[in-house]
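Enquirer: pasting the sequence and the predicted model now:
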Amino acid sequence: GALQPQSPLPAGDYPDVLVPQDFPETDLPRMEILNQPFWVDVRVPHASPAGLYQGRLEILPARGGKRELNYTVEVWSFDLPVVPRMKTSFWLGWRRIAEVHGFDKNAGEPSSKLEPIIDAYESLLAEHRLSIDQVRASFPDANTGRLDTARVEKALRRHLLHRHASAVGVPIFPNWPFDDPLGRDREKAQRYLGDWMKILHRFHCGDRGYIALGDLDEPNDAAAYERVRQWGAFVNETEKKQGVRLPLMITEQPTPDKAEWGVLDGAPDIWVPHFSAVYQDMEHPSGKRNIAKRIAAGEEVWTYAALVQLSEEWKEKHGFPEVVSQGHPPVWMIDFPAINHRILPWLMKPHGITGMAYWDVLHYPKDADPWEDAGTFRDGDMVYNGDGLYVYPALRRRHGVDLPVASMRLKWLRDAVDDYDFLTLAAEADEAARVRALEVTRTFARGFGDWSDDVPALLSARRELGQLLARKLSTPNGTLQSASSP
């Protein structure tokens, strides 16, 4: 694809999709010498005894014979939480899955052949410790709008208790499953929201539910701000009437771009500013520090990525660079260094930011082949490589099977969620561990606008925290203390 705006890396071919070994054989590039890397995940079961473990990887070339590689895994004497401590919300719509895989995206309900494909996508994200925004099987009936509580509870139990998702959104849109939820359908909509949230409370997961509406995404004028306030009042009223907590998520920073729009305080329970907005508010000298004020008021702050957005304040401070390589609000693109994904938890934790959101994982233009063309998002002449695409669609007509395929960037996000767990466990262990976690973080990550492209430093910090936690979370006789969420 075309080179991305301000990318520090050259144009060319980039590895990203992790092709499964059972895919149909394809011709290799015509090169005299070809290095073919493989990505291997080694899974360590919970409560595995600490120690060094030996493994062997067998390589069976198509020409015959066998090669072996030995590896060693060190297992520490503590577990990461079963449920990630970083909350996430990644959009994955079932109708988009239907469209990509050749099904009717306008059907009322998914067909029996489409359902397992949807399930595979939802499971893949969960396997990488990321939560999708809405679970398809938790939707109300497409024809009647009725909530089948038994079916919904079964789906949510599977998603939250078996997939261990950290969060899940209530299925609702501004005109579905009710035509006018803020007006004539207000009571019905509020009863529906209350019933849906009460299902989560049946199995003690009420704190993982939230409501997010695409039409309220990135409000950018006075009318949009007023719309957010109306929904905030609706949700607050629902909480009182139904006796449940229903956090409203808004992708916006607490400080409005224009003062005449007014403020949104009291409407959102979860603020989700862009990376650049966190820098502008919390790190730039002119920032209002309103994110810290909302956290102090008991609200949550998450953050999100999109395009290449660096904030005018950051660009001015750094002389409006044509190319950026480090120390900028992170950019989640294929042709930016990998640390842009992995650095995030080390930036979030000192600010008290507890989650991250993302707008899509299966986006690309109709005229693009994501397996060949990295330009997944286009805006006029601008091309954003990999934006909105973290899962590649394997298609039966092309690959012999319909299933989602992980990208390397998805793996980096999984590792970032793990890093957040390391930092959280250290902060909760004792004061000395909390202070040391901040100290090692500052060796390479001092803020959203001040970090180093130093992967060895990041990996060294993670290892030091692992060794620290192995000491802190083990009893004198060496048995494991529980470090897992229920």
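Expert: Nice, thanks for sending it over. Numbering: from 1, shown residues only.
Enquirer: and the helices in the stretch 1-150 of the chain?
Expert: 94-100, 115-127, 149-157 (DSSP state H, counting those that start in this stretch).
Enquirer: my bad, the stretch 151-300 of the chain
Expert: Remark: helices assigned in the stretch 151-300 of the chain by DSSP H, counting those that start in this stretch are 186-202, 222-242, 275-282, 290-296.
Enquirer: hmm, back to that, ok, which of the helices of the stretch 1-150 of the chain comes nearest Leu465?
Expert: helix 115-127 (23.6 Å; Cβ to Cβ). (Glycine included, C-beta is placed from N, CA and C.)
Enquirer: list the buried residues for that closest one?
Expert: 117-126 (16 or more other Cβ atoms under 10 Å).
Enquirer: now for it, which elements pack on it?
Expert: In terms of contacts (3 or more Cβ pairs under 8 Å, 6 or more residues apart in numbering; DSSP states H and E), helix 115-127 is packed against helix 94-100, strand 391-394, strand 403-406.
Enquirer: tabulate these (TSV), appending distance to Glu218 and mean neighbour count.
Expert: Converted to TSV, these look like this (distance: least, Cβ to Cβ, whole Å; neighbours: other Cβ atoms under 10 Å):
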stretch	distance to Glu218	mean neighbour count
helix 94-100	20	19
strand 391-394	23	23
strand 403-406	27	21
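Enquirer: can I get the ones you listed in JSON lines with distance to Ala357?
Expert: Supplementary listing: these in JSON lines, determined by distance: least, Cβ to Cβ, whole Å:
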{"stretch": "helix 94-100", "distance to Ala357": "17"}
{"stretch": "strand 391-394", "distance to Ala357": "16"}
{"stretch": "strand 403-406", "distance to Ala357": "20"}
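Enquirer: to Leu80, which of the ones you listed lies closest?
Expert: From the helices and strands packed on helix 115-127, taking Cβ to Cβ, the stretch that ends up closest is strand 403-406, at 19.5 Å.
Enquirer: and the closest one, which strands flank it?
Expert: Paired neighbours of strand 403-406 in the sheet (DSSP bridges): strand 391-394 (antiparallel).
Enquirer: what's the closest of the helices of the stretch 151-300 of the chain to Asn35?
Expert: helix 275-282 (33.6 Å).
Enquirer: can I get that closest one in PDB? Just the C-alpha atoms.
Expert: C-alpha atoms of helix 275-282 as PDB (Å, rounded to 0.1, in the frame of the first residue of the first chain):
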ATOM      1  CA  PHE A 275      -4.600   9.300  22.900                       C
ATOM      2  CA  SER A 276      -3.800  12.800  21.700                       C
ATOM      3  CA  ALA A 277      -6.600  14.300  23.900                       C
ATOM      4  CA  VAL A 278      -5.000  12.600  26.900                       C
ATOM      5  CA  TYR A 279      -1.700  14.200  26.100                       C
ATOM      6  CA  GLN A 280      -3.400  17.600  25.600                       C
ATOM      7  CA  ASP A 281      -5.300  17.500  28.800                       C
ATOM      8  CA  MET A 282      -2.900  15.700  31.200                       C
END
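Enquirer: now for it, which elements pack on it?
Expert: helix 290-296, strand 300-304, helix 312-317, helix 344-351.
Enquirer: nearest residue to Gly400 other than its sequence neighbours?
Expert: Ranked by Cβ to Cβ, 6 or more residues apart in numbering and with sequence neighbours excluded, the top spatial neighbour of Gly400 is Pro24, at 5.5 Å.
Enquirer: how about the helices and strands packed on helix 275-282 in JSON lines, adding mean pLDDT, mean neighbour count and distance to Ala427?
Expert: Shown next, in JSON lines, are these (pLDDT from 0 to 100; neighbours: other Cβ atoms under 10 Å; distance: least, Cβ to Cβ, whole Å):
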{"stretch": "helix 290-296", "mean pLDDT": "96", "mean neighbour count": "18", "distance to Ala427": "15"}
{"stretch": "strand 300-304", "mean pLDDT": "97", "mean neighbour count": "23", "distance to Ala427": "16"}
{"stretch": "helix 312-317", "mean pLDDT": "90", "mean neighbour count": "15", "distance to Ala427": "27"}
{"stretch": "helix 344-351", "mean pLDDT": "96", "mean neighbour count": "23", "distance to Ala427": "7"}
